[in-house]
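Student: Generate a structure from the sequence data that follows.
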Amino acid sequence: MDKFMNALLLKRFSLLQSFILLCVVTLIVMLVVITMEFVLAENLRQRFGETDWVLPSLVATVLLTVAAGIVTMAVLFYRSKLKRPLELLKHASENISANDLSFSISYDSRDEMGELISVFENMRSQLEKNVKTLWRSVEERKQLNAIFAHDLRTPLSVLKGNAELLSTYLPEKKLSEEKVLDLVHTMNLHILRLENYTEAMNSVQKLEDVPMQHQTMDTISFTTVLNDSAEQIAKQSGIRFVSNSEYENTTIQVDPYIIMQIFENMVANGTRYAVSQLNVHYDIQEGMMKITVSDDGPGFSDEALLKAVLPFYRGEVWDASEHRGLGLYVCKLFCEKHEGSLQIANGTNGGGSVTASFRTQVDK
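Tutor: The predicted structure follows:
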């Protein structure tokens, strides 16, 4: 039957053309069969003479032939033009209902059903792309929220520490006016950071979209703020903090909030592995500011040297409440956003060392 249908080349015709072709073929076949039935009836009449049963039998046979021809034509039309594409559409619809878009459908025909299958496949492909895009957007949002939650801890810790310092020593007048102003200035800076975080969480869809806000900063004031944050972080872990620099006071153009976020992540990572001391080294050369944070811990493993900047890499540390594996990943992204880079190494005397570099305009 399939060979017969292929011989008719129905795949090349539209539904209407196929229907007309089948009608013509069926009509021709029925005419041939009915003609043969008339010939047979005439032979019977000549053999048995005028009888009462020949004519009614001929009429009944012709009606049966017509009915059989119509039914056969309908079956052929359904099997050749409708059955296969309807099965494909039904199977595809069941897959989509089951949230399975990892399939494709095709139907080799030039008729309307072939066009419908092609349109359906395009719709499935576009739907799959949209679902993947939505999934990536949700994952990026979840990752961004995790990073914001991770980085909110440091400014909150600084604010809490400075508030406790003021509430403890200010009533006893053990703090100089200059020290109080320094603490208030640091608290205001971190409050501004929290405001920026809040605004970014409402507007930013992925980490790469965090806007840059360059400001003019003098290096002594800026590194003092950084050191204050580092001391707060190191103090919470009972680690000694030491810093040094290789430049004189100058003015630089940087995004202080981005750099503070990088710096605090580096310090938090260093204190996690330091045994007793954390060192920070500042340097400015050829339009690049470099900050190196090193510790006296065991250093990075061979695997960590390759994977530490990957998101959610935690090495052998699995305490999710303390370490989400996002700190160095954030550092790397923000360094690159600031036209710099992040380098991870082990010190010559042991311990881990992380160096962040940023491009900056230096005004002496």
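
Student: Can you show me the strands along this structure?
Tutor: In the chain, the segments counted as strands under DSSP state E are 215-218, 240-245, 251-254, 277-285, 288-295, 341-346, 352-359, 361-363.

Student: among the ones you listed, where is the model least confident on average?
Tutor: The weakest mean pLDDT among these belongs to strand 361-363, with a mean of 78.

Student: Just the buried residues of that one, please?
Tutor: residue 362 (16 or more other C-beta atoms under 10 Å). Backbone N, C-alpha and C define where each C-beta goes, glycine included.

Student: by contact count, what packs against that strand?
Tutor: With contacts defined as 3 or more C-beta pairs under 8 Å, 6 or more residues apart in numbering; DSSP states H and E, strand 361-363 has these neighbours: strand 251-254.

Student: With just CA atoms, put the strand it packs on into CSV.
Tutor: Taking Å, rounded to 0.1, in the frame of the first residue of the first chain, the C-alpha atoms of strand 251-254 are listed here in CSV:
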residue,chain,number,x,y,z
THR,A,251,45.5,60.6,44.7
ILE,A,252,44.0,57.8,42.7
GLN,A,253,40.8,57.4,40.6
VAL,A,254,39.1,54.1,41.7
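
Student: Can you mark which positions in it are buried?
Tutor: Neighbour-count burial for strand 251-254 [16+ other C-beta under 10 Å]: 252, 254.

Student: which helices and strands sit right next to that strand?
Tutor: Using 3+ C-beta pairs under 8 Å, 6+ apart: strand 251-254 touches strand 215-218, helix 219-236, strand 361-363.

Student: sorry, back to before: among the strands of the chain, which is nearest residue 174?
Tutor: strand 240-245 (22.3 Å; C-beta to C-beta).

Student: Kindly provide the distance from residue 113 to residue 26.
Tutor: Separation of residue 113 from residue 26 (C-beta to C-beta, to the nearest Å): 21 Å.

Student: cool, and residue 76?
Tutor: 8 Å.

Student: The spatially closest residue to residue 310 that is not a sequence neighbour - how many residues pack around it?
Tutor: Excluding the flanking residues, the one nearest residue 310 by C-beta to C-beta, 6 or more residues apart in numbering is residue 329, at 6.4 Å. Each residue near residue 329 was counted by other C-beta atoms under 10 Å, and the total is 21.

Student: What residues does residue 329 make contact with?
Tutor: By C-beta atoms under 8 Å, 6 or more residues apart in numbering, residue 329 lies in contact with 309, 310, 311, 312, 313.

Student: can I get the residues you listed in JSON lines with neighbour count?
Tutor: Shown next, in JSON lines, are those (neighbours: other C-beta atoms under 10 Å):
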{"residue": "309", "neighbour count": "20"}
{"residue": "310", "neighbour count": "11"}
{"residue": "311", "neighbour count": "16"}
{"residue": "312", "neighbour count": "11"}
{"residue": "313", "neighbour count": "16"}
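
Student: Among those, which are located in helices?
Tutor: Of the contacts of residue 329, none are assigned to helices by DSSP state H.

Student: And the residues you listed, which two are furthest apart?
Tutor: 309 and 312 (11.2 Å).

Student: Now do the spatially most central residue of the chain against residue 39, distance only.
Tutor: Nearest to the mean C-alpha position of the chain, by C-alpha atoms, centre = their mean, lies residue 136 at 1.8 Å. Per C-beta to C-beta, residue 136 is found 75 Å from residue 39.

Student: So which of the contacts of residue 329 is the closest to residue 12?
Tutor: Among these, and counting by C-beta to C-beta, the member closest to residue 12 is residue 311, at 54.3 Å.

Student: And the closest one, what's its pLDDT?
Tutor: 72.

Student: thought it was touching residue 140?
Tutor: No - Residue 311 is beyond contact range of residue 140, at 10.5 Å (criterion: C-beta atoms under 8 Å).

Student: residue contacts, the residue lying farthest from the centre of the chain?
Tutor: The C-alpha centroid of the chain is most remote from residue 49, which lies 88.5 Å away (C-alpha atoms, centre = their mean). Neighbour list for residue 49: empty [criterion: C-beta under 8 Å, 6+ apart].

Student: measure it to residue 59 for me?
Tutor: 19 Å.

Student: and residue 6, what pLDDT?
Tutor: What the model reports for residue 6 is a pLDDT of 59.

Student: Please report the distance of residue 344 from residue 254.
Tutor: Where residue 254 is concerned, residue 344 sits at a distance of 22 Å (C-beta to C-beta).

Student: and if you look at residue 354?
Tutor: Distance from residue 354 to residue 254, by C-beta to C-beta: 18 Å.

Student: For the stretch 1-150 of the chain, give me the ranges with low pLDDT.
Tutor: The stretch 1-150 of the chain contains residues with pLDDT under 70 at 1-10.

Student: let's see 50
Tutor: Within the stretch 1-150 of the chain, not a single segment meets pLDDT under 50.

Student: Of the contacts of residue 329, which is the nearest to residue 126?
Tutor: Using C-beta to C-beta, these come closest to residue 126 at residue 311, 28.9 Å.
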